[in-house]
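A.B. asks: sequence isn't available, so here's the structure alone:
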């Protein structure tokens, strides 16, 4: 799930309660139209659907056999994407990469103790939850290596 970083509370327990409320889908609109969300989330979605087209709504594709067709639930402050299991690894990486690019939060909702990542003044960082499993993300690794190099003078 990607989200507007201004919407949820910052601590883990309150974040998970907020997430639970968001996924009750009780807002007063259809959840298949990107027009209801904010510009950053909309930009994330518009780029994401280039690789993972939506199965519902105004942008839906008519190709039910395509394994990349994705079920998006679009709220005012969140977009929840449900990918085919065969796409899980690539979809997670693409979701994360584009979340960082567009400055939105990322909650790894499918993982145990899933990490919550947000843009900060120190880069795109996991603020709570499981920080492991993300070490393969090149942007995070590069930032950490850069910090290590500056701190210890390694080249």
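C.D. replies: Here it is on my side, so go on. As the structure is a computational prediction, the values presented were derived from the model and not from experiment.
A.B. asks: gap between residue 76 and residue 40?
C.D. replies: 12 Å (C-beta to C-beta, to the nearest Å). The way it works is simple: take the backbone N, C-alpha and C, and place the C-beta from them, glycine included.
A.B. asks: these two: which has the busier surroundings?
C.D. replies: residue 40 (19 against 14; other C-beta atoms under 10 Å).
A.B. asks: next helix or strand past whichever strand or helix holds the more buried one?
C.D. replies: Using DSSP states H and E, residue 40 sits within helix 39-48. Counting by DSSP H and E, the next helix or strand C-terminal to helix 39-48 is strand 71-74.
A.B. asks: and residue 79, helix, strand or coil?
C.D. replies: The three-state assignment at residue 79 reads strand, by DSSP: H, G, I helix; E, B strand; the rest coil.
A.B. asks: what pairs with it across the strands?
C.D. replies: Beta bridges link residue 79 to residue 2, residue 74 when assigned by DSSP bridges.
A.B. asks: ok, it - contacts?
C.D. replies: Contacts for residue 79 were tallied using C-beta atoms under 8 Å, 6 or more residues apart in numbering; they are 1-3, 37, 41, 44-45, 72-73.
A.B. asks: how close does it sit to residue 107?
C.D. replies: Distance from residue 79 to residue 107, by C-beta to C-beta: 11 Å.
A.B. asks: find the residues that touch each one of the two.
C.D. replies: Joint contacts of residue 79 and residue 107 (C-beta under 8 Å, 6+ apart) are 1-3.
A.B. asks: which strand or helix spans residue 109?
C.D. replies: For residue 109, there is no enclosing helix or strand under DSSP H and E.
A.B. asks: quick one: it and residue 16 touch, right?
C.D. replies: No: checked against C-beta atoms under 8 Å, the pair residue 109 and residue 16 is beyond contact range at 10.1 Å.
A.B. asks: neighbours of residue 86, how many?
C.D. replies: Other residues close to residue 86 by other C-beta under 10 Å number 10.
A.B. asks: can you check residue 115 too?
C.D. replies: 19.
A.B. asks: what are the phi and psi angles of it?
C.D. replies: Main-chain dihedrals, residue 115, degrees, to the nearest 10: phi -70, psi 150.
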